[in-house]
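K.L.:
After the sequence you'll find the predicted model.
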Amino acid sequence: MTRHHPDSLSLMEYSAGNLTEPYALCIRLHLDQCAHCRSRVDTLNSLGAVMMAEQPKVSVSDTSFEQLMSRIDSAPEPVSPIAEAPRMSPLQKLLGDDINDLPWKRQLGDVSVLDITEKFPGQGERVVLQKLVAGGKAPAHTHRGTETTIVLQGAFSDQKGVFNQWDFVVLNEEDEHKPVAVGCEDCITMSVLSAPLKLTGTFTRLLNPFIR
Amino acid sequence: MTTLDKQPAKGEGRSKDPWGALLEKVGKSQDRAAYHALFEHFAPQIKYYAISNGLASHAEELVQEVFISIWRRSCLYDWKKAAASTWIFTIARNQRIDMLRKMQRTSAEMAVETEDLWQIPGENEDEPVTSLHRLMSERRIRESLSQLPEEQITVIAKVYMEHKSHQMVADELDIPLGTVKSRVRLALNKLKVILQDQNV
């Protein structure tokens, strides 16, 4: 049961389709596991439908419907109902079956990272996976810019509370924390970093939310 | 079937959503008259949606793509899970995103597809259905919207119809981001979307 949710403004930007791909993925992964937020997004999608209905209408060209039907009739593959095939989860597609078994780069002590920015070409954000070994501690650190994190496995705690699987965390400059992986699993998170990294200090090569 | 005119009979089917009943006909039997009625109603909305989103030169194309998608997916549509217009809005949104993604990409490599990121409601969901809530919500939203001040509606319209982030809306209206956010929050409060925001 997730307890930390995206805020309504983010869900609205999601529903409107205005988020970049990494942010949309974070929201999507949360929604898959959170009926509460799905219901909020349902309402927001309906808001989108109402907004669309209340705007001006623009006539389509006279032949538009005919073109559509001839496309449907002449498609080599019948443009027919798509099968209800079980789909892989977005996370599986992106990272394979086992997120523990990735080319993790050990950073310092209990923390490993994997930069997956290249999976989102042209999006302008850095996307980073981080792993904190079960029971492990990350050094205290602050954040620069805004960082959106979703917990993919396990849980961590800091002074703000316990963040479980599929919980949603947004951290910014004011947040200094010292996360600890709780429970018996390694804690794995995915973070989207909006601002370019400014690397300073001892832990220059390390990233949030555990370390920056 | 020439009797289908712009506004299908109220109460058609059990769904009490006339467009949903038409969508189900398309899904079950590829009913072309039903499909045409949906096209007549929704295509002009979608064309405006494309234009306002900056896709004026691709507006007809977007309408086509949306309706191809509606044809293909109509068998997955379940009126108990989403009102037809909500379902169609999400398809229009996804096709817009898809079109932009394809224009911006030089290579066809997309690790995740648009639908992996933006789900169409009611597909691949095994949860108990809250049909009443979902079917009621559009009417409730329309009623709530009519009570909102113009400045709140303007902001929401820009977010939904012009593909603008809150920051871009603030820049365009030359008001602080905080003002945009508070207008949206006031509106969403009215729409009961805000149930437990932590940082409001």
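P.N.:
Perfect, I can see it now.
K.L.:
going forward, measure contacts between C-alpha atoms and count neighbours the same way
P.N.:
Will do.
K.L.:
To which secondary structure element is residue 36 assigned?
P.N.:
Picking chain A for this. Using DSSP states H and E, A:His36 sits in helix A:35-54.
K.L.:
Chain B, not that one
P.N.:
Applying DSSP H and E as the criterion places B:His36 in helix B:32-52.
K.L.:
Show me what that helix is packed against.
P.N.:
Using 3 or more CA pairs under 8 Å, 6 or more residues apart in numbering or on different chains; DSSP states H and E as the contact test, the elements touching helix B:32-52 are helix A:35-54, helix B:18-29, helix B:59-73.
K.L.:
Nearest to B:Pro44 among those would be which one?
P.N.:
Proximity to B:Pro44, assessed across the helices and strands packed on helix B:32-52 by CA to CA, is greatest for helix B:59-73 (8.4 Å).
K.L.:
what separates the closest one from the chain centre, distance-wise?
P.N.:
Mean C-alpha position of helix B:59-73 versus that of the full chain (CA atoms, centre = their mean, to the nearest Å) differs by 13 Å.
K.L.:
what about it and chain A, touching?
P.N.:
Yes: part of helix B:59-73 sits near chain A under the criterion CA under 8 Å from any CA of the partner chain, namely B:60, B:64, B:67-68, B:71-73.
K.L.:
go on, stretch B:160-174?
P.N.:
Yes: with CA under 8 Å from any CA as the threshold, stretch B:160-174 lies in contact with chain A, specifically through B:160-161, B:163-165.
K.L.:
what's next to that stretch, contact-wise?
P.N.:
Applying CA atoms under 8 Å, 6 or more residues apart in numbering or on different chains, the contact partners of stretch B:160-174 are A:13, A:16-19, A:48, A:51-52, B:49, B:52-54, B:155, B:158-159, B:176-177, B:179-181.
K.L.:
Would you mark the buried spots in that stretch?
P.N.:
Neighbour counts over stretch B:160-174 (16 or more other CA atoms under 10 Å in any protein chain shown) mark B:160-166, B:169-170 as buried.
K.L.:
List the beta-bridge partners for A:Phe163.
P.N.:
In this structure, A:Phe163 bridges to A:Phe156 when assessed by DSSP bridges.
K.L.:
tell me the contacts of it?
P.N.:
By CA under 8 Å, 6+ apart, the contact list for A:Phe163 reads A:3-4, A:151, A:155-157, A:169.
K.L.:
same thing with A:Met190?
P.N.:
The contact partners of A:Met190, taken as CA under 8 Å, 6+ apart, are A:26, A:127-130, A:149-152.
K.L.:
Can you tell me the SS state at it?
P.N.:
Secondary structure, DSSP: H, G, I helix; E, B strand; the rest coil: A:Met190 is strand.
K.L.:
If I look at it, what pLDDT would I see?
P.N.:
Model confidence at A:Met190, expressed as pLDDT, equals 96.
K.L.:
same question, the one 10 residues further on
P.N.:
In this prediction, A:Thr200 carries a pLDDT score of 43.
K.L.:
can you pull out the strands in chain A?
P.N.:
Using DSSP state E, the strands of chain A run over residues A:105-108, A:111-115, A:126-132, A:147-153, A:155-158, A:161-163, A:168-171, A:180-182, A:187-193.
K.L.:
nearest to B:Glu150, of those?
P.N.:
When the strands of chain A are compared (using CA to CA), the closest one is strand A:168-171, at 30.9 Å.
K.L.:
Give me the mean pLDDT for that closest one.
P.N.:
90.
K.L.:
how far out from the middle of the chain is that strand?
P.N.:
A distance of 11 Å separates the C-alpha centroid of strand A:168-171 from that of its chain, computed with CA atoms, centre = their mean.
K.L.:
What pairs with it, parallel or antiparallel?
P.N.:
According to DSSP bridges, strand A:168-171 has the following sheet partners: strand A:147-153 (antiparallel).
K.L.:
what residues does the partner strand touch?
P.N.:
Looking at strand A:147-153 with CA under 8 Å, 6+ apart, the contacting residues turn out to be A:23, A:26, A:30, A:163-172, A:185-194, A:208-209.
K.L.:
quick check: angle from it to strand A:187-193?
P.N.:
Going by axes from the mean of the first three to the mean of the last three CA atoms, to 10 degrees, strand A:147-153 is angled at 160 degrees with respect to strand A:187-193.
K.L.:
Report the buried residues of strand A:147-153.
P.N.:
A:147-153.
K.L.:
Same check on stretch A:167-182?
P.N.:
Of the residues in stretch A:167-182, those buried under the neighbour-count criterion (16+ other CA under 10 Å) are A:167-171, A:177-182.
K.L.:
Can you pick out the most distant pair from the residues of stretch B:160-174 next to chain A?
P.N.:
Of all pairs drawn from the residues of stretch B:160-174 next to chain A, the widest gap by CA to CA lies between B:Met161 and B:Ser165 and measures 10.9 Å.
K.L.:
Just give me the neighbour total for A:Val60.
P.N.:
19 (other CA atoms under 10 Å in any protein chain shown).
K.L.:
I'd guessed it sits against B:His41; true?
P.N.:
No: the pair A:Val60 and B:His41 fails to qualify as a contact (CA atoms under 8 Å) at a distance of 10.9 Å.
K.L.:
Can you tell me the element B:Arg101 falls in?
P.N.:
B:Arg101 belongs to helix B:84-104 when assigned by DSSP H and E.
K.L.:
same for that helix, what does it pack against?
P.N.:
Under the contact criterion of 3+ CA pairs under 8 Å, 6+ apart, the helices and strands touching helix B:84-104 comprise helix A:35-54, helix B:18-29, helix B:59-73, helix B:114-117.
K.L.:
Go through these and name the closest to A:Leu114.
P.N.:
Nearest to A:Leu114 among the helices and strands packed on helix B:84-104 is helix B:114-117 (20.9 Å), distances taken as CA to CA.
K.L.:
Show the contacting residues for the residue nearest to B:Val66 when sequence neighbours are not counted.
P.N.:
Distances taken as CA to CA, 6 or more residues apart in numbering or on different chains place B:Ala92 nearest to B:Val66, at 5.6 Å, with adjacent residues excluded. Contacts for B:Ala92 (CA under 8 Å, 6+ apart) come out as B:46, B:62, B:66.
K.L.:
Check B:Val66 too.
P.N.:
With contacts defined as CA under 8 Å, 6+ apart, B:Val66 is in contact with B:91-92, B:95.
K.L.:
Torsion angles phi and psi at the residue of chain A most remote from its centre?
P.N.:
Taking CA atoms, centre = their mean, the residue of chain A most remote from its mean C-alpha position is A:Asp62, at 42.0 Å. Dihedral angles phi and psi of A:Asp62 (degrees, to the nearest 10) take the values phi -60, psi -30.
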